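Q: kindly generate the corresponding structure for this input.
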Amino acid sequence: MHNETNSNHGCGFGGGRVKRMLVIVLLVLALFLIFKTLNTIKEYRFIGGGVSATNTINVSGEGEVFAVADIAEFSFSVVEQKDTVSEAQEIAAQRVNSILDFLEKSGVEETDIKTTNYNVYPRYEFEREACSGGFCPPGERVLKGFEVSQSISVKVRDTGDAGTVLSGIGELGASNISGLNFTIDDEDDLQESARKIAIEDAQAKAKQLAKDLDVKLVRVVNFSEFGSSPRFKTFAVAEMASLDNAGGGIPEIPVGENKITSNVSITYEIR
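A: Now for the predicted structure:
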């Protein structure tokens, strides 16, 4: 009888362990199936995600932002002709240095002044002796001297000073003053604003078109931006090239507004 009781207890103890093991296995299996199901759902959601959409509509949008320019950019040259290179370089350097001093006193930063070209050329003239007795001797090229030219680009960050600066450098011997552009120093934020307006314009068109066609917009399948560029005001100042001789006054130069535009194209999948 004693042995039988121990045997029953042993069987009960062993049966409990088996049940616990079975419960653990079932829990692990259940978790596995849950994760497997979730992954399957996710995969199902993205099935065909990389496949080109067959039913689409395409809309375009345009955005514009206006801003007052805060930089005036222009270029000028100093040209000097003398019998020797050293003479031409010396006189040209004196003129350039006086202009640079003037620009510095006018508040133009050194980093906003850049030499864009420097050349030294020999100057030749074609000479021919007078014809005599029906005979005209051949002419020849004769060296007459040298020309030194230096071209410099300038940024004036106070646009209200642009006219004064242009007049001042003309009086100091600058020539070929040209390319006066009014630009914006940092246009990235303005370009982003123009792009946002263009996208909103395209989205509004897409919603209206989907409503008219009685379809639903599913997703964006293509986006592109084109023709995006700031439109700056440019002034021709060639007539200022002789201000040093004409003794003209300070020119009044209106700045106006610049327009930054963005054009976008958006393609939607529909159903």
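
Q: quick check: Glu129 is in a helix.
A: No. With DSSP: H, G, I helix; E, B strand; the rest coil as the criterion, Glu129 is located in coil rather than a helix.

Q: now do the same contact list for it.
A: Residues in contact with Glu129 (CB atoms under 8 Å, 6 or more residues apart in numbering) are 137, 139. The way it works is simple: take the backbone N, C-alpha and C, and place the C-beta from them, glycine included.

Q: dihedrals phi and psi, it?
A: phi -70, psi 160 (degrees, to the nearest 10).

Q: what residue is smack in the middle of the protein?
A: Centroid-nearest residue in the chain, with CA atoms, centre = their mean: Asp188, separated by 7.4 Å.

Q: what's the spacing between that residue and Ile266?
A: When distance is defined by CB to CB, to the nearest Å, Asp188 is 22 Å away from Ile266.

Q: and if you look at Ile177?
A: 45 Å.

Q: what does Thr111 give?
A: Counting by CB to CB, the gap from Thr111 to Ile266 is 41 Å.

Q: between these two, which has more neighbouring residues?
A: Neighbours were counted for Thr111 and for Ile266 using other CB atoms under 10 Å; Ile266 has more, 22 against 7.

Q: tell me the mean pLDDT over stretch 262-271?
A: Averaged across stretch 262-271, pLDDT comes to 96.

Q: my bad, stretch 167-181
A: In the prediction, stretch 167-181 has an average pLDDT of 91.

Q: stretch 55-69 now?
A: For stretch 55-69, the per-residue pLDDT averages 93.

Q: mind listing what's buried in it?
A: 57, 59, 61, 63, 65, 69 (16 or more other CB atoms under 10 Å).

Q: what sits against Ser77?
A: Neighbour list for Ser77: 117, 149-152, 174-176 [criterion: CB under 8 Å, 6+ apart].

Q: most surrounded residue in the residues you listed?
A: With neighbours defined as other CB under 10 Å, the most crowded of the contacts of Ser77 is Ala174; it has 27 neighbours.

Q: ok, the closest residue to it other than its chain neighbours to Asn55 distance?
A: Closest residue to Ala174 apart from its sequence neighbours, by CB to CB, 6 or more residues apart in numbering: Phe76 at 4.1 Å. Between Phe76 and Asn55 the computed distance is 60 Å (CB to CB).

Q: how far away is the residue nearest to the centre of the chain from Ile260?
A: Asp188 is 10 Å from Ile260, by CB to CB.

Q: the lengthiest strand in the chain pairs with which strands, and in what direction?
A: What stands out as the longest strand in the chain, according to DSSP state E, is strand 140-156. Sheet pairing for strand 140-156, assigned by DSSP bridges, gives strand 71-82 (antiparallel), strand 113-127 (antiparallel).
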